[in-house]
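Asks: got a predicted model here, sequence first, then my questions.
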Amino acid sequence: MTDDSSQSIILFDGVCNFCNRSVNWIIRRDPTGYFRFAPLQSRAGEALQERYGLDPRALDTLLLVEGGCVYTKSTAALRVVRRLRSPWRALYALIAVPRPVRDVAYDSFARRRYRWFGKREECMVPSPKVRERFLVD
């Protein structure tokens, strides 16, 4: 495991179709390669969750490890968009909405994502073009 205090790592549900599409969407809008990625279900993802005292069975949230801190749910998503190309970074203004309100909407979507978008049997395999942005087990 690398020292993650100097990296920004997005941990995502690797079997969730919506989550996989979101990772690809982020990659296309992050030309500088600011973010690295790991499925929550991977050894690297589980090790990061353990390091930060998180429950590795809780797969209903996006996690962002940035600057040695962990952000979850809507806060993680908003901190991600603030690093992307415009116009997406403007969505960071939603951080002004109280976190409990944002997280109610986030949780509602997270509960339905498999039903709406489906899920895979296994975690995604990144293409060779972006493989170096994924933490390997």
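Replies: Received, thanks.

Asks: ok, residue 83 touching residue 30?
Replies: Yes: counting by Cβ atoms under 8 Å, residue 83 touches residue 30, with 6.9 Å between them. Every C-beta, even on glycine, is put in place using the N, C-alpha and C of the backbone.

Asks: what residues does residue 62 make contact with?
Replies: For residue 62, the contact set (Cβ atoms under 8 Å, 6 or more residues apart in numbering) comprises 10-12, 19, 22, 72-73, 76-77, 80.

Asks: name the nearest residue to it, ignoring sequence neighbours.
Replies: residue 76 (4.7 Å; Cβ to Cβ, 6 or more residues apart in numbering).

Asks: how far away is the residue nearest to residue 121 when sequence neighbours are not counted from residue 21?
Replies: Leaving aside its chain neighbours, residue 121 sits nearest to residue 15 (7.1 Å; criterion: Cβ to Cβ, 6+ apart). Going from residue 15 to residue 21 by Cβ to Cβ, to the nearest Å gives 13 Å.
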